[in-house]
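Visitor: Predicted model, plus sequence, below.
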Amino acid sequence: MSKQENDTGVKQVDPNAVNVENDIILTDAGLEYLREQIAKRGAGIGMRISYEKAGCSGYKYVVDLIDEKVETDYEFPIAGGLSIFVARDCYVNLKGSTVDYVKEGLNKVIRIKNPNETSSCGCGESFNV
């Protein structure tokens with residue numbers, strides 16, 4: 001987080017500042033999944049995370065593998081030249097999230113654990129902030 005001194009000499013924390021090390025976390029399982037998917041495609045620089053209006057709770061996550069950075073995205077380097085990219089307009093509501101790859105029943109899915117969620121629907125497909 002970025003800190004700035006105010007006129008009293010007290011450091012102020014900017015809640016919207018980007019902190020590459022801690023703002024978006026990718027688990028080991030998430031990294032393995034990302035590497036596998038990039039290898040299957042034969043190309044790619046990482047994963048882009050955003051959200052859009054949908055579902056019964058308000059929003060749904062959108063996760064895409066990408067080949068090039070969108071200029072308005074924040075980039076969070078992770079490993080081996082791969083990065084997670086977050087849409088700038090979604091950043092404040094995704095800050096602090098953990099991206100994981102988990103087994104749920106017979107399926108394996110990308111799961112985003114977002115500390116900014118205030119509620120989610122019963123099926124887990126949509127959320128609100």
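Guide: Structure's in. What do you need?

Visitor: Contact partners for Arg41?
Guide: Arg41 makes contacts with Leu65, as judged by Cβ atoms under 8 Å, 6 or more residues apart in numbering. The way it works is simple: take the backbone N, C-alpha and C, and place the C-beta from them, glycine included.

Visitor: Look up the pLDDT of it for me, please.
Guide: Here, the pLDDT recorded for Arg41 equals 91.

Visitor: Look up how far Asp23 lies from it.
Guide: As judged by Cβ to Cβ, to the nearest Å, Arg41 and Asp23 stand 26 Å apart.

Visitor: Gly44 now?
Guide: 21 Å.

Visitor: Show me where the chain dips below the pLDDT cut-off.
Guide: Along the chain, segments meeting pLDDT under 70 span 1-22, 55-57, 118-128.

Visitor: Would you map the strands across it?
Guide: 3-5, 11-13, 24-26, 46-54, 58-66, 73-79, 82-87, 97-104, 107-113, 119-120, 127-128 (DSSP state E).
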